[in-house]
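Peer 1: can't give you the sequence, but here's the structure:
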Ligand SMILES: *Cc1c(COP(=O)(O)O)cnc(C)c1O
């Protein structure tokens with residue numbers, strides 16, 4: 001029975017993933033269940049997407065109500081859900097203008113186009129981007145062009161023109177890449193796929209100052225680190241700066257595919273105008289009902305306060321593991337976005353953890369990555385530590 005699904009999928013899908021040999025069936029709270037009824041404590045949340053946990057009643061109700069009304073209208077019309085979602089997201093993001101997309105990658109594409117349009121409208125002759133080594137921004141041609149991992153780029157060359165790479169958290173290396181053609185600097189506020197590297201606050205301030213001085217737009221990719229994961233709604237909000245453009249996705253829909261890029265009025269006034277950019281699905285009433293429900297639930301359940309509170313415990317317990325286990329070299333991260341640098345193959349530990357009934361994932365450079373649902377409790381952290389210790393011992 002179970003092998004049948006694996007075989008079927010393997011026969012029909014393009015082989016772009018080495019999937020785990022698990023067939024997931026349903027979820028409840030912070031647990032997933034496979035087709036054999038085995039339960040897993042989920043510390044990956046579908047790569048930081050399912051932040052409210054699974055089968056959230058209030059969220060499901062909002063989706064069901066919208067299914068009964070209207071799923072799609074195209075962007076030729078207004079709907080109540082897009083108005084509500086845009087207003088709420090703009091407020092949460094401290095931005096002025098929002099464009100809804102269907103994914104994180106599309107949010108990146110939109111942000112890159114927005115920056116080029118800004119330079120074009122100002123007749124500045126600028127078109128270059130500075131991106132960071134070790135970054136990840138998605139898999140489309142534009143997103144791959146600013147992704148700082150050669151393996152992801154090389155097979156698809158030639159990529160878009162005018163991208164220069166700098167070292168993350170090294171302001172001098174960024175300054176060395178600035179030319180009179182630089183239109184934007186793009187980076188993650190916390191690097192995710194690259195191995196969980198939080199931004200150095202002074203570096204972020206330095207980049208902001210550099211951008212202000214040279215009329216360069218700062219694009220922050222908050223797709224993984226945003227939406228409450230660090231204890232603030234967006235990670236940059238802790239550092240006394242504001243990006244000109246930001247990218248949002250993953251947890252903003254809690255499982256419904258939706259993303260957005262948002263910008264300040266200063267960027268918007270010179271940027272994308274009717275005819276410059278569009279999407280058929282983006283901002284459809286179903287996706288927007290999800291965004292609205294997620295943002296409402298964040299307020300109603302005081303999710304940010306909870307993340308701040310549980311993070312201290314989570315971090316302390318992980319630091320305990322670093323002390324206790326020889327193969328755990330270091331912890332990096334902020335809030336509920338954490339990585340453990342391992343001194344043994346991370347794949348082994350992930351497989352052992354699955355046998356123990358714990359789901360964790362990896363990130364670049366042999367890092368065990370955790371992005372649990374934001375609603376975890378101390379008991380879940382304790383259970384994770386117990387299971388992870390078993391996995392590290394095996
Ligand atoms: C996941 C991710 C993306 C790409 O988002 P998709 O929804 O997979 O297209 C871009 N940037 C970062 C930082 C991500 O974590």
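Peer 2: Thanks, I have the structure now. What you are looking at is a predicted structure, and each value in this text was computed from that prediction instead of being measured.

Peer 1: what about the helices in the stretch 151-300 of the chain?
Peer 2: 171-175, 201-214, 265-268, 285-300 (DSSP state H, counting those that start in this stretch).

Peer 1: by contact count, what packs against the second one?
Peer 2: Applying 3 or more C-beta pairs under 8 Å, 6 or more residues apart in numbering; DSSP states H and E, we find helix 201-214 packed against helix 171-175, strand 182-188, strand 217-221. C-beta: built from backbone N, CA, C; applies to glycine.

Peer 1: just to revisit the earlier point, residue 334: which of the helices of the stretch 151-300 of the chain is closest?
Peer 2: When those are compared by C-beta to C-beta, helix 201-214 sits nearest residue 334, at 11.2 Å.

Peer 1: buried sites along the closest one?
Peer 2: The neighbour-count check on helix 201-214 (16 or more other C-beta atoms under 10 Å) flags 203, 204, 206, 207, 208, 210, 211 as buried.

Peer 1: next: stretch 290-299.
Peer 2: Result for stretch 290-299 [16+ other C-beta under 10 Å]: buried residues 290, 291, 292, 293, 294, 295, 297, 298.

Peer 1: name all residues that make contact with the fourth one.
Peer 2: So the one you mean is residue 293. With contact set as C-beta atoms under 8 Å, 6 or more residues apart in numbering, residue 293 has these partners: 58, 59, 62, 63, 254.

Peer 1: what's the spacing between the residue lying closest to residue 258 once chain neighbours are set aside and residue 86?
Peer 2: Of all residues not flanking residue 258 in the chain, residue 287 sits nearest, at 4.0 Å (C-beta to C-beta, 6 or more residues apart in numbering). In this structure, residue 287 and residue 86 are 12 Å apart, going by C-beta to C-beta, to the nearest Å.

Peer 1: domains of the protein?
Peer 2: Domains of the chain are assigned by automatic domain parsing as 2-56+302-393, 70-300.

Peer 1: coming back round to it: mind putting the buried residues of stretch 290-299 into JSON lines with distance to residue 174?
Peer 2: JSON lines is the format used below for these (distance: C-beta to C-beta, whole Å):
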{"residue": "290", "distance to residue 174": "36"}
{"residue": "291", "distance to residue 174": "33"}
{"residue": "292", "distance to residue 174": "37"}
{"residue": "293", "distance to residue 174": "39"}
{"residue": "294", "distance to residue 174": "34"}
{"residue": "295", "distance to residue 174": "33"}
{"residue": "297", "distance to residue 174": "38"}
{"residue": "298", "distance to residue 174": "33"}
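
Peer 1: around the ligand, pick out the residues from the stretch 201-350 of the chain.
Peer 2: 221, 223, 224, 249, 250, 259 (C-beta under 6 Å from any ligand atom).

Peer 1: residue contacts, the residue of the stretch 251-394 of the chain found nearest the ligand?
Peer 2: Residue nearest to the ligand within the stretch 251-394 of the chain (C-beta to the nearest ligand atom): residue 259, separated by 6.0 Å. Contacts for residue 259 (C-beta under 8 Å, 6+ apart) come out as 100-107, 223, 247-250, 252-253.

Peer 1: what about 6 Å?
Peer 2: 101, 103, 104, 106, 107, 249 (C-beta atoms under 6 Å, 6 or more residues apart in numbering).

Peer 1: quick check: phi and psi at the fifth one.
Peer 2: Dihedral angles phi and psi of residue 107 (degrees, to the nearest 10) take the values phi -70, psi -40.

Peer 1: what is the burial count for it?
Peer 2: Neighbour count for residue 107, taken as other C-beta atoms under 10 Å: 32.

Peer 1: that one and residue 25, how far apart?
Peer 2: Using C-beta to C-beta, one obtains 30 Å as the distance from residue 107 to residue 25.

Peer 1: picking that back up, neighbour count: residue 287 and residue 86, which is higher?
Peer 2: Neighbour count, other C-beta under 10 Å: between residue 287 and residue 86, residue 287 has more, with 27 against 20.

Peer 1: quick check: the more buried one vs residue 66, distance?
Peer 2: 9 Å.

Peer 1: one more: residue 179?
Peer 2: 47 Å.

Peer 1: who's more crowded, these two?
Peer 2: Taking other C-beta under 10 Å, residue 179 and residue 66 do not tie; residue 66 has more neighbours (23 against 11).

Peer 1: element containing the more buried one, please.
Peer 2: helix 57-69 (DSSP states H and E).

Peer 1: helix or strand next in line after that helix, which one?
Peer 2: Downstream of helix 57-69, the next assigned helix or strand under DSSP H and E is helix 80-93.

Peer 1: the next helix or strand after that following helix - contacts with which helices or strands?
Peer 2: Moving toward the C-terminus from helix 80-93, the next helix or strand (DSSP H and E) is strand 97-101. Packing partners of strand 97-101 (3 or more C-beta pairs under 6 Å, 6 or more residues apart in numbering; DSSP states H and E): helix 80-93, helix 104-121, strand 259-263.

Peer 1: name every strand pairing with strand 97-101 and say which way it goes.
Peer 2: Strand pairing for strand 97-101, using DSSP bridges, gives strand 259-263 (antiparallel).

Peer 1: ok now the partner strand, how far from the chain's centre?
Peer 2: Averaging C-alpha positions (C-alpha atoms, centre = their mean, to the nearest Å) puts strand 259-263 13 Å from its chain's average.

Peer 1: now do stretch 148-161
Peer 2: Averaging C-alpha positions (C-alpha atoms, centre = their mean) puts stretch 148-161 21 Å from its chain's average.

Peer 1: so it, near the ligand or not?
Peer 2: No. Using C-beta under 6 Å from any ligand atom, stretch 148-161 stays clear of the ligand, with a minimum separation of 11.5 Å.

Peer 1: got the buried residues for that stretch?
Peer 2: 148, 152, 153, 159.

Peer 1: which residue packs closest to the residue in the stretch 151-300 of the chain that the ligand sits nearest to, ignoring adjacent ones?
Peer 2: Residue nearest to the ligand within the stretch 151-300 of the chain: residue 224 (3.3 Å; C-beta to the nearest ligand atom). In space, and not counting its chain neighbours, residue 224 is closest to residue 192: 3.9 Å by C-beta to C-beta, 6+ apart.
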